[in-house]
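got a predicted structure here, sequence first:
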Amino acid sequence: MAESSLRCADGAGDGTAWAGLDSPELLGNLRAERRPLRLPLAGASVAAGFPSPADDYIEVGLDLNELLIRHPSSTFFLRVSGDSMQGAGIQHGDLLVVDRSLEARPGLIVVAVLDGAFTLKRLARHRGRLRLEAANSAYPPLELHQCGDVQIWGVAIHVIHPLARHG
Amino acid sequence: MADAIALIDANNFYASCEQALDPSLLGRPVVVLSNNDGCVVSRSSEARQLGIAMGKPYFQIAAQLARHGVVVRSSNYALYGDMSQRLMSCLEPHVAELEVYSIDEAFARLPRPRHSDLNRWASALRSRIRHNLGLPIAIGLAPSKVLAKLANHVAKADSHHAGVFDLGCCGDPSPWLERTPVEEVWGVGRQLSRWCRLRGIANARHLRDMASGELRAKAGVVGVRLQLELQGMSCLPLEEAPAAKRETCVSRSFSQPISEEAELRQAVASYVVRAAEKLRRQGQRAGRITVFARTSPFAPGFYSQAASTGLPLASNDTAVLLQAALRLVPGLYRPHKRFAKAGVLLQELQPEQQLQHHLLAPLTAEQQGRREALMQHIDGLNRRYGRGCVQWGACGLDPAWAMRRERLSRAATTRFSDLPTAWAR
């Protein structure tokens, strides 16, 4: 996006000119001469005629990725199945955003590997010991020291829940 | 302060990716098969411990794998490609310079602190990658690329190194060079290693210490650089931005031989579709297209043919490339030949922006713009809903020759319909 807007803002369709822009000193010069190097695509489409009065105020559109994901390379999406986390606002079928780079701390909702499956629970400290709790009274907590091999796979940072079907 | 060069690579990358996204595979033996489910190309450490050999045809060892409860997977390139990008962007902030060398390995340059080794730094990076991506990596450190590659080998071969080995800090590196057969030195090809062996040069240390004039006479400046690198002088720079590709090739073996011309046309068409998509992603157009087809070199009556045509105007429009390629197919086809493989080579690539409008161009600038928008939409739909969701009629529907991938895992990181399940139960 940034690249294509760059190209249009300059108004040059010529590839050779663009290859030159990669060199830092040239870029520096250009910045000094012409400030709006990274214009959004919309502002650049006015090739002739009167410029739109809104052009000066256009910003790049909102990107939900930017809001929801701090560490793109270690963030994964999972699909929720089951109702044990209802009390935490996580419903069956919701989309879960999981960041593996975060350290699991008590209070956070985590994806744990339990019996070869991803399991969604809240990590909690209870009487000095760590345990995995559901957010639904129908599911008993799992004491970590009692289960054999539990690995915390990642920390859930967002849940995306549809309210209406689109389309 | 001298810089250190690191070679960082993932262990058993394909199998590790499978394990990273499928918790039922953690701790279990996993093997990944090559195209058409042919041979074992990657083994998890559990499978390696069972003595499963690399490169073995699947049909030969299927019974052995089943007996040991080994999980068998087809190559899932969508998953490996995505995990590769994640790996490289996780590494990038921790080094001064990164050269992505292949899907699962990269060279890096970083400053070496005075009087200390980089083992602590490397171990920390290794556990971070394991934590953030679930991938095991090995890191070799040295003053040059050739030695970094060698150090990486040591890091992986000796389990007590725990995947990290710094050759630049342990005094005289000679013992390590001595343990490395000359064939395993990075940059030594089959011809050079045979020449070395004939002269009694058996390992990396011998190669480092041999008379440089003799090596120069045989291998020229390449050989001299290789020797200097072995001596700890860095002469192969890191290449950060790979040069723009001059050619793009898509070729595949068929899951079963093809003898009908119509089938060969379909196969060529689907490779053109794939190659055109690659071209658009690279921001390039092709000026020439070559199509080739061959029978199995192991069967009697081997036949191989190629045909090529220039395009009047460089293009990355699938329809234009299809038209050009399909015209070449009758020239390749021979009745009664059992074709085993075909491919498409796009050549004379040039940047997209360079296109000059031809006086005799078949399309006006406006028509051209609309064609490009159409291609973008098709690529977008295929990216979003899975490859082949929008297909070209010329490729045929569900053809019998298509690549066999019967044990394919899901595109767990690149497709919403394939996401792993988080059980709330």
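Okay, I see it.

lowest-confidence helix or strand of chain B?
The helix or strand of chain B with the lowest confidence, counting by mean pLDDT, DSSP states H and E, is helix B:365-385 at a mean of 81.

how far is that helix from where the chain is centred?
Between the mean C-alpha location of helix B:365-385 and the chain-wide mean there is a distance of 27 Å, by C-alpha atoms, centre = their mean, to the nearest Å.

buried set for it?
Residues of helix B:365-385 classed as buried by neighbour count (16 or more other C-beta atoms under 10 Å in any protein chain shown): B:Gln368, B:Arg371, B:Met375, B:Ile378, B:Asp379, B:Asn382. The C-beta positions use only the backbone N, C-alpha and C, and glycine is treated the same way.

pLDDT below threshold where in the stretch 301-425 of chain B?
Low-confidence segments of the stretch 301-425 of chain B, defined by pLDDT under 70, are located at B:354-363, B:386, B:397-398.

just the strands in it please.
Residue ranges of the strands in the stretch 301-425 of chain B, as given by DSSP state E, counting those that start in this stretch, are B:304-315, B:339-347, B:350-351, B:421-423.

just to revisit the earlier point, tabulate the buried residues of helix B:365-385 in TSV, adding columns for distance to chain A.
Formatted as TSV, the entries for those read as follows, by distance: C-beta to the nearest C-beta, whole Å:
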residue	distance to chain A
B:Gln368	12
B:Arg371	16
B:Met375	15
B:Ile378	18
B:Asp379	14
B:Asn382	19
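
what residues does the stretch 201-350 of chain B put near chain A?
Counting by C-beta under 8 Å from any C-beta of the partner chain, the stretch 201-350 of chain B comes close to chain A at no residue.

where does the stretch 201-350 of chain B get nearest to chain A, residue-wise?
Per C-beta to the nearest C-beta, the residue of the stretch 201-350 of chain B with the smallest distance to chain A is B:Gln350, at 8.1 Å.

ok, what's across the strand from that residue?
B:Gln350 has the following beta-bridge partners by DSSP bridges: B:Arg285.

OK, contacts around it?
If you count contacts by C-beta atoms under 8 Å, 6 or more residues apart in numbering or on different chains, B:Gln350 has them with B:Gln284, B:Arg285, B:Gly287, B:Ala314.

among the residues you listed, name the buried ones.
In the contacts of B:Gln350, burial by neighbour count holds for B:Gln284, B:Arg285, B:Ala314, counting by 16+ other C-beta under 10 Å.

and the first one, how far from B:Ser102?
This means B:Gln284. Distance of B:Gln284 to B:Ser102, given as C-beta to C-beta, to the nearest Å: 21 Å.

what's the answer for B:Trp392, then?
Distance from B:Trp392 to B:Ser102, counting by C-beta to C-beta: 31 Å.

alpha carbons of the helix or strand containing A:Ala156, in PDB - could you do that?
With secondary structure defined by DSSP states H and E, A:Ala156 is part of strand A:151-160. Once non-C-alpha atoms are left out, strand A:151-160 reads as follows in PDB (Å, rounded to 0.1, in the frame of the first residue of the first chain):
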ATOM      1  CA  GLN A 151       2.600 -26.500  27.900                       C
ATOM      2  CA  ILE A 152       1.400 -22.900  27.700                       C
ATOM      3  CA  TRP A 153       1.300 -22.300  23.900                       C
ATOM      4  CA  GLY A 154       0.300 -18.700  23.800                       C
ATOM      5  CA  VAL A 155      -1.600 -15.900  25.400                       C
ATOM      6  CA  ALA A 156      -5.000 -14.900  24.000                       C
ATOM      7  CA  ILE A 157      -5.100 -11.100  23.500                       C
ATOM      8  CA  HIS A 158      -8.400 -10.500  21.600                       C
ATOM      9  CA  VAL A 159     -11.500 -12.300  20.700                       C
ATOM     10  CA  ILE A 160     -13.500 -11.400  17.600                       C
END
